[in-house]
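> Build the 3D model from these lines:
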Amino acid sequence: MIGMRGQMILAIIPSFVTQLIAFYRIRKFTKGLIVELIIFLADAFVQMIIPWPFGVIFALPLTVGVPVYCVRKWTLEYNHVPTGMFG
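Predicted coordinates:
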């Protein structure tokens, strides 16, 4: 069983290395790497469209939000924790 607190700490840090460690711990490294590459391309696109200080406002939630969602979802699946009200 993987602890959710540690996973969330690794996922919230806006660094692809720590996020990949979180994906690796739940055996989703390949899918996590694909997610990180898509996020990188989306961030690059946002930064090209919107100049630097303002582009970060849109890019940072994407950089943190998507990995946090994926890590949480896949950690619950890995731990076999029911997510619904009735299990």
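> which of the residues in the helix or strand encompassing residue 65 are buried?
Residue 65 belongs to helix 52-79 when assigned by DSSP states H and E. Using 16 or more other Cβ atoms under 10 Å as the test for burial, helix 52-79 gives 55, 59, 63-64, 66-68, 70-72, 74-76, 78. Glycine gets a C-beta too; all of them are placed from N, C-alpha and C.
> Ok, stretch 32-47 next?
Those buried within stretch 32-47 under the rule 16+ other Cβ under 10 Å are 32, 35, 36, 39, 43, 46.
> what's near enough to touch the first one?
Residue 32 makes contact with 19, 20, 22, 23, 24, 67, 70, 71 under the criterion Cβ atoms under 8 Å, 6 or more residues apart in numbering.
> show me what contacts the fourth one?
The one in question is residue 23. Taking Cβ under 8 Å, 6+ apart, one finds 29, 31, 32, 33, 35, 70, 71, 74 in contact with residue 23.
> Would you convert the residues you listed into CSV that also reports distance to residue 7?
Listed next are these as CSV, based on distance: Cβ to Cβ, whole Å:
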residue, distance to residue 7
29, 14
31, 15
32, 12
33, 17
35, 14
70, 11
71, 5
74, 9
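> which one of those residues is nearest residue 3?
residue 71 (11.9 Å; Cβ to Cβ).
> Does that closest one touch residue 20 like I think?
No. At 10.3 Å, residue 71 does not count as touching residue 20 under the criterion of Cβ atoms under 8 Å.
> got the angle between the strand or helix carrying residue 23 and helix 52-79?
Per DSSP H and E: residue 23 is located in helix 16-25. Following axes from the mean of the first three to the mean of the last three Cα atoms, to 10 degrees, one obtains 10 degrees for the angle between helix 16-25 and helix 52-79.
> Run the chain-centre distance for helix 16-25.
Centroid separation for helix 16-25 versus its chain: 9 Å, with Cα atoms, centre = their mean, to the nearest Å.
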